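A.B. asks: sequence and predicted structure are below.
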Amino acid sequence: MPHLYPALSAEQKKELSDIALRIVAPGKGILAADESVGSMAKRLSQIGVENTEENRRLYRQVLFTADDRVKKCIGGVIFFHETLYQKDDNGVLFVRTIQDKGIVVGIKVDKGVVPLAGTDGETTTQGLDGLSERCAQYKKDGADFAKWRCVLKISERTPSALAILENANVLARYASICQQNGIVPIVEPEILPDGDHDLKRCQYVTEKVLAAVYKALSDHHVYLEGTLLKPNMVTPGHACPIKYSPEEIAVATVTALRRTVPPAVPGVTFLSGGQSEEEASLNLNAINQCPLPRPWALTFSYGRALQASALNTWRGQRDNAGAATEEFIKRAEVNGLAAQGKYEGSGEDGGAAAQSLYVANHAY
Amino acid sequence: MAYQFPALTSEQKKELSEIAQCIVASGKGILAADESVGTMGSRLQRIKVENTEENRRQFREILFTVDDSISQSIGGVILFHETLYQKDSQGKLFRDILKKKGIVVGIKLDQGGAPLAGTNKETTIQGLDGLSERCAQYKKDGADFGKWRAVLKIDNQCPSHLAIQENANTLARYASICQQNGLVPIVEPEVIADGDHDMEHCQYVTEKVLAAVYKALNDHHVYLEGTLLKPNMVTAGHASTKKYTPEQVAMATVTALYRTVPAAVPGICFLSGGMSEEDATLNLNAINLCPLPKPWKLSFSYGRALQASALAAWGGKATNKKATQEAFMKRALANCQAAKGQYVHTGSSGAASTQSLFTACYTY
């Protein structure tokens, strides 16, 4: 290694780091509203609404017309390409409305998963071709951060070394290209909760995956202070018979992160995966109350866990729009509190039940 | 990755993490008194003392029989093999004297460098053969931590990819074997200061080396909470014409560390390399005052920087014992204060000159 060829100038670094810090400012997280046309089809069919561009526009309008209450709990919104160019009923670009609230605009840039031949159904993610030009255009059109989702799964023989290596590498290429274009890359190496594995297994796999991701980011000269991480929480598989408390999930999650995510990363914005709205909030809260030292912000980048109630309330009816927006604001505020460890629960399960299951000094 | 086969039990992990934390608690650091016979030869020659086993024993005796209050500044002492079995003039084993003071005993485990063919005179480190048996014996004989020094240099085409990979891998193998035998491994990937490169280049190289080291430790299933890191500070090469302040060294050093060292590592104990006693203390102090996130203890593992004055005061004469001990105690206290960011520089330069050179928000 004879010389260093700086990937970024001091000004570029400062811009990226400032954007990242704005997104994960204390009490703030991300609304992941970047569902592809295909994903929106599933969401809308569940409430009996036709998957048309207009309906998708109307639905996003419900979310984006939330009042100023969201300013203190939403730091960023991830858009899908189509939505970046849509307008509200008054002809105002959604991007503009969001920016005017002081919220950073983000854009999904990956192009979905493709199979890795010779593996047990594993995938990598495509989207690198022409990515630099796309990023430059998105930056002009108002986006300051991007998101790229890689997917890994736990089974008897997975994730394989190839899947880990390949996904880590593709994430690092994406991150490098984003930064060259003034866009903060959110790095998302999601390990799916499908399966019957226990919490320890998920923790082990999460540590291996994250170690590979950060080695790849280092190899690709990515400026960590100008990135965010969007990982899964460490949880048991959906079909695991053992039940764990939010505190156990919190300790396993924070331990995995402490062993792999350098402190230079300003924020970790968890995905909600298949968690219910309340579960996602309780877990995030427990994570922020975890006694282990946590040098990064620990917040949310939720899709379903922020929108489920809103979607259900809206059901495609304009008359329900106001009430639906309220549901969204409610979840946003709850998660803003959870991101500070200040959420006291909806009262159904009761704080006491959650506390009693804490396993002190459990060696992970 | 099919299954996880835990490398350590909960009890083993607990023991290792407690030892590590004990060594770096409350501003304590490490006395590196593990100079090999050859290295002691160079030290003794400078004060015109013959390099005999008795002379080496006498000097170490003076250091180790210092007042018990030394244990407020020194949490661990690294010994060379010979010294682990030496006694004071009353027949008490050095290792027992140290333990009685509450100081953790460590042992140098590597067996020196070996050339890497096909490189620009780069090296790897030997010592893995029979290492497990040696560790088990040392543990019985009172050691609770080990130390292994890998060396990388900055030069034309150096450090090469091979040198980085090979040294990271041997460090990880050594660390894994130590932990299996209840010894906390101090991981030392020294990027030596020889050369005329500037500080920025050293930072770049240090980041690459540390990223490789932590990937290797992860690959080898090393329990980070039961390790310590002993890195170089980030400085310009000895022959560089550029001068840097302690604050600049601190910023570059902490930046490199926070981009690569996971928060799970309990402590980072810097080597002093060729630094003067005062520079080693000033730099450590500035490091502890650096405004960046620092989730690990930042302390010292000094050889020359703790012993230079003591050695000069001793001159090989038993009558100089008191002066020798005072000189050593003074440096130990100074470095303990520096490890808490509380060192008050009483030299001619004065606090004012160190403050005025701080470059706020320097983008590294």
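C.D. replies: Yep, it's here. Residues are numbered from 1 along each chain as shown, chains lettered A, B, ... in the order given.

A.B. asks: and A:D198, how far is that from B:E11?
C.D. replies: According to Cβ to Cβ, to the nearest Å, A:D198 and B:E11 sit 21 Å apart. Any C-beta I mention is one placed from the backbone N, CA and C, and that applies to glycine too.

A.B. asks: show me where chain A has helices.
C.D. replies: Remark: helices assigned in chain A by DSSP state H are A:10-23, A:37-46, A:53-64, A:81-84, A:94-100, A:131-140, A:161-180, A:199-219, A:246-258, A:277-289, A:304-314, A:321-338, A:351-356.

A.B. asks: name the helices or strands packed onto the fifth one?
C.D. replies: In this case it means helix A:94-100. helix A:53-64, strand A:74-79, helix A:81-84, strand A:104-108 (3 or more Cβ pairs under 8 Å, 6 or more residues apart in numbering or on different chains; DSSP states H and E).

A.B. asks: looking at the helices of chain A, which is nearest to B:G113?
C.D. replies: helix A:199-219 (25.5 Å; Cβ to Cβ).

A.B. asks: re earlier: most packed of the helices and strands packed on helix A:94-100?
C.D. replies: strand A:74-79 (a mean of 28; mean count of other Cβ atoms under 10 Å in any protein chain shown).

A.B. asks: got the contact list for that strand?
C.D. replies: Contacts with strand A:74-79, where a contact means Cβ atoms under 8 Å, 6 or more residues apart in numbering or on different chains, come from A:22-25, A:28-34, A:64, A:94-95, A:98, A:101, A:103-108, A:143, A:145, A:147, A:186, A:299, A:301, A:332, A:336.

A.B. asks: a markdown table for the helices and strands packed on helix A:94-100, including mean pLDDT and distance to B:N218?
C.D. replies: Shown next, in a markdown table, are the helices and strands packed on helix A:94-100 (pLDDT from 0 to 100; distance: least, Cβ to Cβ, whole Å):
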| stretch | mean pLDDT | distance to B:N218 |
| --- | --- | --- |
| helix A:53-64 | 98 | 39 |
| strand A:74-79 | 98 | 29 |
| helix A:81-84 | 98 | 36 |
| strand A:104-108 | 98 | 29 |
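
A.B. asks: need the ones you listed in CSV (columns: distance to A:K14).
C.D. replies: Below are the helices and strands packed on helix A:94-100 laid out as CSV (distance: least, Cβ to Cβ, whole Å):
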stretch, distance to A:K14
helix A:53-64, 29
strand A:74-79, 18
helix A:81-84, 25
strand A:104-108, 16
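
A.B. asks: burial of residue 197, as a residue count?
C.D. replies: Using chain A. By other Cβ atoms under 10 Å in any protein chain shown, the residues close to A:H197 number 21.

A.B. asks: chain B was what I was after
C.D. replies: A count of nearby residues for B:H197, using other Cβ under 10 Å, gives 21.

A.B. asks: just give the closest residue to it, not the sequence neighbours.
C.D. replies: B:G237 (4.5 Å; Cβ to Cβ, 6 or more residues apart in numbering or on different chains).

A.B. asks: what's the answer for A:Q340, then?
C.D. replies: A:Q340's closest residue in space is A:G27 (Cβ to Cβ, 6+ apart), at 5.3 Å.

A.B. asks: which pLDDT value goes with the one you found?
C.D. replies: Note on A:G27: pLDDT of 98.

A.B. asks: what does chain B put close to chain A?
C.D. replies: B:1-2, B:4, B:10, B:13-14, B:156-161, B:164, B:200-201, B:204-205, B:207-208, B:211-212, B:214-215, B:218-219, B:224-225, B:255, B:258-264, B:293-295, B:361, B:363 (Cβ under 8 Å from any Cβ of the partner chain).

A.B. asks: got a quick ChimeraX command for the buried subset of those?
C.D. replies: Selection of buried members from these for ChimeraX, criterion 16 or more other Cβ atoms under 10 Å in any protein chain shown:
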select /B:13,158,159,160,164,200,201,204,205,207,208,211,212,214,215,218,219,224,225,255,258,259,260,261,262,263,264,293,294,295,363
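
A.B. asks: okay, B:G118: pLDDT?
C.D. replies: 87.

A.B. asks: doesn't it fall inside a helix?
C.D. replies: No - read with DSSP: H, G, I helix; E, B strand; the rest coil, B:G118 is coil and lies in no helix.

A.B. asks: which residues touch it?
C.D. replies: B:L162.

A.B. asks: swap in B:I107?
C.D. replies: Counting by Cβ under 8 Å, 6+ apart, B:I107 has contacts B:D34, B:I78, B:L79, B:F80, B:H81, B:L84, B:Y138, B:A143, B:F145, B:G146, B:K147, B:L183.

A.B. asks: how about 6 Å then?
C.D. replies: Taking Cβ atoms under 6 Å, 6 or more residues apart in numbering or on different chains, we find B:I107 in contact with B:L79, B:L84, B:Y138, B:A143, B:G146.

A.B. asks: surely B:S301 meets B:C269?
C.D. replies: Yes - the pair B:S301 / B:C269 is scored as a contact, 3.7 Å apart, by Cβ atoms under 6 Å.

A.B. asks: and the closest residue to B:G316 other than its chain neighbours, how far from chain A?
C.D. replies: In space, and not counting its chain neighbours, B:G316 is closest to B:V49: 3.7 Å by Cβ to Cβ, 6+ apart. Note on B:V49: its distance to chain A, by Cβ to the nearest Cβ, to the nearest Å, is 41 Å.

A.B. asks: double-check that B:V49 belongs to a strand.
C.D. replies: No - per three-state DSSP, B:V49 lies outside any strand segment and is coil.

A.B. asks: and it, how many neighbours?
C.D. replies: Around B:V49 there are 19 residues (other Cβ under 10 Å).

A.B. asks: shaky segments in chain A?
C.D. replies: A:1-4, A:347-364 (pLDDT under 70).

A.B. asks: got the residues of it near chain B?
C.D. replies: Proximity of chain A to chain B, by Cβ under 6 Å from any Cβ of the partner chain, involves residues A:2, A:4, A:10, A:13, A:156-157, A:204, A:211, A:215, A:218, A:224, A:258-260, A:262-264, A:293, A:295, A:363.

A.B. asks: returning to what we had before: who's in contact with the residue nearest to B:H197?
C.D. replies: B:A193, B:G195, B:D196, B:H197.

A.B. asks: same check on B:V222?
C.D. replies: Contacts of B:V222 (Cβ under 6 Å, 6+ apart): B:A175, B:S176.
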